[in-house]
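1. Predicted model and sequence follow; I will ask about them next.
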Amino acid sequence: MGGATDILELLKKSKGRRIKVLVAKLGLDGHDRGAKVVARALKDAGLEVIYTGIRQTPEQVVETAIQEDVDVIGVSILSGAHIPLMKKLMELLREKGLDDVPVLLGGTIPIPDIPKLKELGIRNIFLPGTSLKEIIKETLEAALERREE
């Protein structure tokens with residue numbers, strides 16, 4: 001199987017309950033074209049998407065995740081502040097009992113920083129050039145794994 005077929009198979013496993021994804025722009029970065037493209041692709045694939053807009057704090061993202069009862073959190077960071085922002089986000093998620101919500105990160109992330117981000121608990125990191133199909137597939141897999149726990 002490949003691409004769209006994999007995605008369709010994963011959508012069938014959601015058993016009619018739409019997967020809800022929070023797409024957030026953390027920090028002072030105001031460039032959100034990539035986040036909007038990903039949000040639209042997820043929505044077009046049949047997921048429910050909550051987009052927070054730009055310049056969100058970790059506290060705002062966690063509060064939105066609680067209010068919306070999301071299955072997955074996707075974060076976009078282009079500012080270079082990914083390690084401190086993601087560290088704070090992951091700490092807050094643990095404090096609020098949301099450490100079971102998978103977190104995905106996309107943006108201009110230096111490859112040497114990826115192991116540190118994974119240590120923080122980030123499920124996956126998407127670098128520029130990652131296909132939308134790969135992002136959709138990983139998002140679906142993360143949500144379905146969480147639901148099975």
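-> Sure thing, it's come through.
2. Could you report the distance from the most centrally placed residue in the chain to Val101?
-> Centroid-nearest residue in the chain: Gly74, 1.5 Å away (criterion: Cα atoms, centre = their mean). For Gly74, the distance to Val101 (Cβ to Cβ, to the nearest Å) stands at 11 Å. The way it works is simple: take the backbone N, C-alpha and C, and place the C-beta from them, glycine included.
3. tell me which residues in the longest helix seen in the chain are buried?
-> Identified as the longest helix of the chain according to DSSP state H is helix 132-148. The neighbour-count check on helix 132-148 (16 or more other Cβ atoms under 10 Å) flags Ile135, Ile136, Lys137, Glu138, Thr139, Leu140, Glu141, Ala142, Ala143, Leu144, Arg146 as buried.
4. do stretch 104-117 as well
-> For stretch 104-117, burial by neighbour count (16+ other Cβ under 10 Å) applies to Leu104, Leu105, Gly106, Gly107, Ile109, Ile114, Leu117.
5. contact partners of stretch 123-137?
-> 3-4, 6-7, 10, 34, 37-38, 41-42, 45, 47, 74, 102-109, 111, 114, 117-118, 138, 142 (Cβ atoms under 8 Å, 6 or more residues apart in numbering).
6. Need the three-state assignment for the nearest residue to Ser79 once chain neighbours are set aside.
-> If the residues on either side of it in the chain are set aside, Ser79 comes closest to Asp29, at 3.9 Å by Cβ to Cβ, 6 or more residues apart in numbering. On the three-state scheme (DSSP: H, G, I helix; E, B strand; the rest coil), Asp29 is labelled coil.
7. could you measure Asp29 against Val38, distance?
-> 15 Å.
8. higher neighbour count, these two?
-> With neighbours defined as other Cβ atoms under 10 Å, Asp29 and Val38 compare such that Val38 has more, 25 against 21.
9. and that one, how far is that from Glu59?
-> 23 Å.
10. any chance of the buried residues of helix 132-148 in a markdown table, plus distance to Arg18 and pLDDT?
-> Listed next are the buried residues of helix 132-148 as a markdown table, based on distance: Cβ to Cβ, whole Å; pLDDT from 0 to 100:
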| residue | distance to Arg18 | pLDDT |
| --- | --- | --- |
| Ile135 | 17 | 97 |
| Ile136 | 14 | 96 |
| Lys137 | 17 | 94 |
| Glu138 | 17 | 96 |
| Thr139 | 12 | 96 |
| Leu140 | 11 | 94 |
| Glu141 | 16 | 94 |
| Ala142 | 15 | 96 |
| Ala143 | 10 | 95 |
| Leu144 | 12 | 92 |
| Arg146 | 14 | 89 |
